Every structure is written in structure tokens, then in C-alpha cells.
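# Sequence first, predicted model second:
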Amino acid sequence: MEKRLQFYLKNLIHNGGSDLHLKSGSIIRLRVNGDLLKLADRVISHDELDGIARAILTDKQYRELTTNKELDCTYVLDKDNRFRVNFFYQLNGLSAVLRIIPVKILTIEQLQLPPVISELADLHRGLVLVTGVTGSGKSTTLASMIDRINRSKKKHIITVEDPIEFVHEDREALISQRGIGQDSHSFSNALRAALREDPDIILVGEMRDLETIEIALHAANTGHLVFSTLHTLDAKETINRVIGMFPQAEQNRIRMTLASVLEGVVSQRLVKTIDGKRAAAIEIMKRTARVAELIAENRDYELLDTIEEGKEIYGSQSFDQALLDLYYQNRITEETVLENATNPSDMRLKLQGIGMSEGSKDSNREKIKDDVFDLKESDD
């Protein structure tokens, strides 16, 4: 049975896909460049999928799957390919999704992330949140930030993940990676223990509950640099989600704490590029005195304008500004810009140069000039 799974996974790799979808009684599907494609007409039965689960899981893991009706784990195909696996039951029986975890950790520069991401990785303390829907590249971005620290600073980094995805080798830093279920029973337990393990940087795979958030805020407030993720779409929703996890009586206190420790929110969405691949459109909120004031005073509705106004000075940017940058870099089409814009009508005006600041216009004109100049130079 395991050989069948390996055959499906090799097809995924060969086709440049990111996820393998196995559903009892349905055709096997691969996610390639954001689309779910059928793997010929191969239908996987419940018995076959159950056999795969028994083959790659330990007895303890299989019992946990049948008891809890879902299970997260990691599967190693070979030295170059690892997968994050989620088994779960649904109407037709057992299903599984396997997501490829790149063994090679790309740098911030190789991923073409905004330079301000490097600045957030170079911080000494505070809280940095990377957010977005499942599959938006949060783990990849965080891995590049941890890798930057690992290569340049003599620090102790502790990661708490479920499961461990990117594996980091000790370089300048010492990295202790802990998997939930394997090395600790819960995020809150592992995070509480981490504070007694002399950490400089702590990565929490996901802020899932109130206790984990409380401990992470405490860690950031006591001089540690804390990275984590949330399934939120933008900075405003992220702040509201964190505060909203607490009882009403506690929310003012948490708001003040967040205003003092939140150094940045990086929110990602993947959009299709002209060459058929995908690129990250990233909203970045970076801590400034103005941002801290807005959070503390419950004026989150003003954050978007502040983010956009800080683009040239602080490196912050909204999703729409990120989309425009990708468009003027000739990486995405106008249609893609409008499909993903926060407000398509406003974006259409911006594409026509209406309602943009002079600085933004000049910056975009400069990008166009540079592109034309490069083409002429190449032609000569």
C-alpha cells in the first residue's frame, strides 16, 4: 500500500504540484498552481486508503485517527521530499491531504519578499504574526525568516509546531524544534516550558487557543522575539481575532499589551502570475507610534490608511499596493489585479492613475521606465 502512495506522490512532484488529495470513492486529485487537477481516472477506495493509513502510521497514530477522526503527521518520501499529512473522516469514509514541504529553505530574497520582512526577522524582541488562509505560504515565509536568523545570529531558537515542517540545521544559532504529539502534548505546554529553556526566539506554529496567545504575549512582553501564525486575512482582522479570544473584561488589558508588543503583521494571499505560477501579494503592517496608538485606542478602522501612507517611509503596504507592485513588475495581469483587489472599482481608478498619490505615480512610472530601458538595452 505504501508503494501506491509513493507512486501518487511522485506524480505530484513530477507535475510541480503542492498537495495530493485522496478521498474514498473519488478520483485522486493534485493541486497544481492553485487548481485541483484529476490524476487520470484513478479512483481510490476506502479500503485502499485505510491500507495506506495503516502502512505509514504507527499503531498509536492509527488508534488516534480512528478515535479522534482526524490526525496530523509527517511523511518522508526520500531525503529530498517530506510531506505534511492530514487524515480525516468525511461522509464517504476516510480522506487524506498531503502537502509537500520543500527540503531546501529559500531565502527572503529568493522568495522575492518585500525587504521589510528582513527587518522584522532582525528584531530583538516583540511579536510578529504571519497570517493568511491555508496554503498561502505562511510556513515558507516564516522558515525564510528563521533561516535568516540562523545564518547570522548566535541565538537559541525554539519552534513549537504541529507537525514540524521545515527542518533547520544548526548554523550560527542553536535550533530546538518540538512537534506536538511527538515532543510535547500541546502548544500551551510546550510554550510554557520554552520560557524555562533559555530561548531568544520562539516560533509558535499556530495560535490556536486563549492560553497559547496569553503565553505568547507574555513571552514577547518579557524580552523575547516571538513568531506565530493565524488564519486571518489582514492586520485589522488579526488584531480583532487576538483580542476577541479573551473575555470582555480582559480585552482592554490585552489591547494595551498588543499595542506595546506587536511589531508586525504579515498577511499573505497567493495570486496567479503571467507565467502560470503563483506569487504572494502581501499586506505588511509594521509597528510605528501611530500604529500603536490606533491599536491602543481601538481605532482599528484607521489602520489601512496608515499602512498605505507608511509605504515609502516604513515599508508597510496594503494588499492593493502589493497587487499594483506585482502588476508594474509585469508579474500579474490587470485581470488578476481586479479579481483580487479589496475594492475592484477603486483599483480600476488606480490603474488609470486616478486617486493615487504623486509619490506612488512617480514610483510606478519609474518602474515602467526601468523596464523599458532594460528592454532597449537588451535589444542593443
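Right, received. Where do you want to start? Since the structure is predicted, the reported quantities are computational estimates derived from the model, not experimental observations. Numbers count the residues shown, from 1 in each chain.
# What is the burial count for the residue nearest to Ser186 when sequence neighbours are not counted?
Leaving aside its chain neighbours, Ser186 sits nearest to Ile180 (6.5 Å; criterion: Cβ to Cβ, 6 or more residues apart in numbering). The C-beta positions use only the backbone N, C-alpha and C, and glycine is treated the same way. The burial count assigned to Ile180 is 20, neighbours taken as other Cβ atoms under 10 Å.
# What of Leu174?
15.
# quick one, what contacts the residue nearest to it when sequence neighbours are not counted?
Once its chain neighbours are removed from consideration, Leu174 has its nearest residue in His156; the separation is 5.0 Å (Cβ to Cβ, 6+ apart). Each residue near His156 by Cβ atoms under 8 Å, 6 or more residues apart in numbering is listed here: Ala173, Leu174, Ser176, Glu197, Asp198, Pro199, Asp200, Ile201.
# quick check, nearest of the residues you listed to Leu91?
When those are compared for distance to Leu91, the smallest value, 40.9 Å, is given by Ser176; criterion: Cβ to Cβ.
# and the helix or strand that contains the closest one, which residues are buried?
When secondary structure is defined by DSSP states H and E, Ser176 falls within strand 174-179. Judged by neighbour count (16 or more other Cβ atoms under 10 Å), strand 174-179 contains these buried residues: Ile175, Gln177, Arg178, Gly179.
# Could you tell me how far the second one is located from Ser45?
In this structure, Gln177 lies at 36 Å from Ser45, with Cβ to Cβ, to the nearest Å as the measure.
# now do the first one
In this structure, Ile175 lies at 42 Å from Ser45, with Cβ to Cβ as the measure.
# Over to the third one?
With the distance defined as Cβ to Cβ, Arg178 ends up 37 Å from Ser45.
# Let me have the contacts of His156 in CSV, extended by pLDDT.
Listed next are the contacts of His156 as CSV, based on pLDDT from 0 to 100:
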residue, pLDDT
Ala173, 97
Leu174, 97
Ser176, 97
Glu197, 96
Asp198, 96
Pro199, 97
Asp200, 97
Ile201, 98
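# Got phi/psi on Tyr89?
Here the main-chain torsion angles of Tyr89 (degrees, to the nearest 10) amount to phi -100, psi 140.
# For Leu94, which three-state class applies?
With DSSP: H, G, I helix; E, B strand; the rest coil as the basis, Leu94 sits in strand.
# List the beta-bridge partners for it.
Partner residues in beta bridges with Leu94: Tyr89, with DSSP bridges as the criterion.
# Leu203 contacts Lys155, doesn't it?
No - contact criterion Cβ atoms under 8 Å: Leu203 and Lys155 do not qualify, at 12.0 Å.
# For Arg4, which residues are in contact?
With contacts defined as Cβ under 8 Å, 6+ apart, Arg4 is in contact with Glu48, Ile52.
# how about it, phi and psi?
With angles defined as degrees, to the nearest 10, Arg4 sits at phi -60, psi -40.
# and the residue nearest the centre of the chain, how far is that from Thr229?
Centroid-nearest residue in the chain, with Cα atoms, centre = their mean: Lys138, separated by 0.9 Å. When Cβ to Cβ is applied, the distance between Lys138 and Thr229 equals 5 Å.
# What segments of the stretch 51-200 of the chain are helices?
Listed in chain order, the helices found in the stretch 51-200 of the chain under DSSP state H, counting those that start in this stretch are 59-68, 116-121, 138-152, 187-194.
# In terms of secondary structure, what does the second one contact?
Other elements packing on helix 116-121 under the criterion 3 or more Cβ pairs under 8 Å, 6 or more residues apart in numbering; DSSP states H and E are helix 138-152, strand 262-272, strand 278-286.
# if we look at that helix, which residues are touching it?
For helix 116-121, contacts defined as Cβ under 8 Å, 6+ apart pick out 108, 128, 141, 144-146, 148-149, 263-264, 266, 284, 286, 314-316.
# And the helices of the stretch 51-200 of the chain: which comes nearest Ile100?
Between Ile100 and those, the tightest spacing by Cβ to Cβ is seen for helix 138-152, at 11.1 Å.
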